[in-house]
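K.L.:
need a structure here:
(2 chains)
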Amino acid sequence: ILNVEQSPQSLHVQEGDSTNFTCSFPSSNFYALHWYRWETAKSPEALFVMTLNGDEKKKGRISATLNTKEGYSYLYIKGSQPEDSATYLCALRMDSSYKLIFGSGTRLLVRP
Amino acid sequence: KAGVTQTPRYLIKTRGQQVTLSCSPISGHRSVSWYQQTPGQGLQFLFEYFSETQRNKGNFPGRFSGRQFSNSRSEMNVSTLELGDSALYLCASNLGTTLYNEQFFGPGTRLTVL
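P.N.:
Down below sits the predicted model:
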């Protein structure tokens, strides 16, 4: 059973701080890696779909990288804002179906 | 474009009953997946349907079943409910055209089993 691990489990930062979290996986035998942001009482929101090419993805102040050789993906948030407070999930797509294996998430709290 | 919708949003049932949850994907999306979220387990994959066929199933007992209709709408059914089935059930849809399609999630159905 593939174990997708995310660290840290939770993170408190001050508004304006930049931060990053890690998603690690034991094998690069997957199709894609997904990052989601999940705010309380809302639906998980897709941030990035990372392919095995290892390219960096960027959306505003948020960016992600994928290193399949070392078995991790980083999500960076530059200049955190209170509205960035959410749980950030990563998930692997393992086969031609759309089954995703999720990590347990990193809960981010940004203090004003 | 309307997002993924799920009904009902909240449900209270008692042990032994059965329940049916409904999911309407984004228009044009052919793949629908279901996930269960519990505090201790995180998001766990239940099953995925594509063009009315189940393509993958997670490690859940046979009490959990689903189906997809020709309009891509999907239902999942849980029979003989147990206390441990209390969870948030999320549905997700995607176009189903490439390996890298985004999955879009609905707001979920919160099931409480008493």
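K.L.:
neighbours of A:Thr65, how many?
P.N.:
A:Thr65 has 17 neighbours, counted by other Cβ atoms under 10 Å in any protein chain shown. C-beta here means a position set from N, CA and C on the backbone, and glycine is covered the same way.
K.L.:
for it, helix, strand, or coil?
P.N.:
Secondary structure, DSSP: H, G, I helix; E, B strand; the rest coil: A:Thr65 is strand.
K.L.:
would you tell me which residues of chain B are close to chain A?
P.N.:
B:3-4, B:31, B:33, B:35, B:42-45, B:48, B:50, B:55-56, B:58, B:90, B:92, B:94, B:96, B:99-108 (Cβ under 8 Å from any Cβ of the partner chain).
K.L.:
buried ones among those?
P.N.:
B:4, B:31, B:33, B:35, B:42-45, B:48, B:50, B:55-56, B:58, B:90, B:92, B:94, B:96, B:101-108 (16 or more other Cβ atoms under 10 Å in any protein chain shown).
K.L.:
which positions within stretch A:11-27 qualify as buried?
P.N.:
A:Leu11, A:Val13, A:Thr19, A:Phe21, A:Cys23, A:Ser24, A:Phe25.
K.L.:
surely the second one touches A:Val110?
P.N.:
Yes - assessed by Cβ atoms under 8 Å, A:Val13 is found in contact with A:Val110 at 5.6 Å.
K.L.:
so what sits against both of these two?
P.N.:
Common contacts of A:Val13 and A:Val110 (Cβ atoms under 8 Å, 6 or more residues apart in numbering or on different chains): A:Ser80.
K.L.:
one step back: of the buried ones among the residues of chain B next to chain A, which belong to strands?
P.N.:
B:31, B:33, B:35, B:42-45, B:48, B:50, B:55-56, B:90, B:92, B:94, B:104-105 (DSSP state E).
K.L.:
could I get the pLDDT score of the closest residue to B:Phe60 other than its chain neighbours?
P.N.:
Closest residue to B:Phe60 apart from its sequence neighbours, by Cβ to Cβ, 6 or more residues apart in numbering or on different chains: B:Leu46 at 5.8 Å. We note a pLDDT of 96 for B:Leu46 in this prediction.
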